[in-house]
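**Student:** With the input below, show me the fold.
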Amino acid sequence: MRRTQTAENDRLRLAVIIGSTRNGRFGPTVAGWFTARARRRGDLDVDLIDLAETGLPQTLIDQDDPVPARVLALAARLAAADAFVVVTPEYNRSFPAPLKTAIDWYCEEWRAKPVAFVAYGRESGGLHAVGQLCQIFTELDAVTIRDAVLLPRYWELFAADGTWPKATADCNTAVAATLDRLSWWARALRDARARHAYPV
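**Tutor:** Reported below is the predicted structural model:
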């Protein structure tokens, strides 16, 4: 019984955020693949957050205004997470505006937690979007993971039977390394937050 309880307590809560809300988006396909790989590990409880479904307001409130119910609902899910993975496309060398709005609604929910990125786009594979997101999350006192999963020309990774990605695609190897490092940081920072309050 003690071993089972310890194993349960050691599980990490991972929030995977789909950052695109546009019509015809590819984000859910990428997120579905990533979350399936994450769930295979057995040490992660995955919460898939689709910004197209959260209905966050586009206009931020002033400091003394009441917080909208949808913002509070997502805040609870983010606060419960030990780590985050942001799935984002790259549009015009950046990331989608709804993702920036979603990030800006929150502050302490990101603090002293690790964030990894899965990005897709044309030749850059989302590298420009990831670079900007790293700067933003650093400002919020989150810890960004160096290893991102980049998907250049992601449309070329369909298998002959229509599944995505191909079994031979490099991303299948990259995702394992990213999850390993994200999990390490998630445990280290979770333990640190439990021992000492983060200075603000």
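
**Student:** where does residue 88 land in three-state SS?
**Tutor:** strand (DSSP: H, G, I helix; E, B strand; the rest coil).

**Student:** Could you measure from the nearest residue to it once chain neighbours are set aside over to residue 40?
**Tutor:** The shortest distance from residue 88 to any non-neighbouring residue, by Cβ to Cβ, 6 or more residues apart in numbering, is to residue 19 (4.0 Å). For the C-beta atoms, the positions are set from N, CA and C on the backbone; glycine is no exception. Residue 19 sits at a distance of 23 Å from residue 40 (criterion: Cβ to Cβ, to the nearest Å).

**Student:** higher neighbour count, these two?
**Tutor:** With neighbours defined as other Cβ atoms under 10 Å, residue 19 and residue 40 compare such that residue 19 has more, 28 against 10.

**Student:** Let me see the contact set for the more buried one.
**Tutor:** If you count contacts by Cβ atoms under 8 Å, 6 or more residues apart in numbering, residue 19 has them with 27, 51, 86-89, 95-96, 98-99, 102.

**Student:** Which two among the residues you listed are spaced furthest apart?
**Tutor:** Distances among those were taken as Cβ to Cβ; the most separated pair is 89 and 102, at 14.5 Å.

**Student:** So which of the two has more stuff around it?
**Tutor:** Just comparing residue 89 and residue 102: by other Cβ under 10 Å the higher neighbour count belongs to residue 89, 24 against 21.

**Student:** Poorly predicted segments of the protein, please.
**Tutor:** Counting by pLDDT under 70, the chain has low-confidence residues at 1-9.
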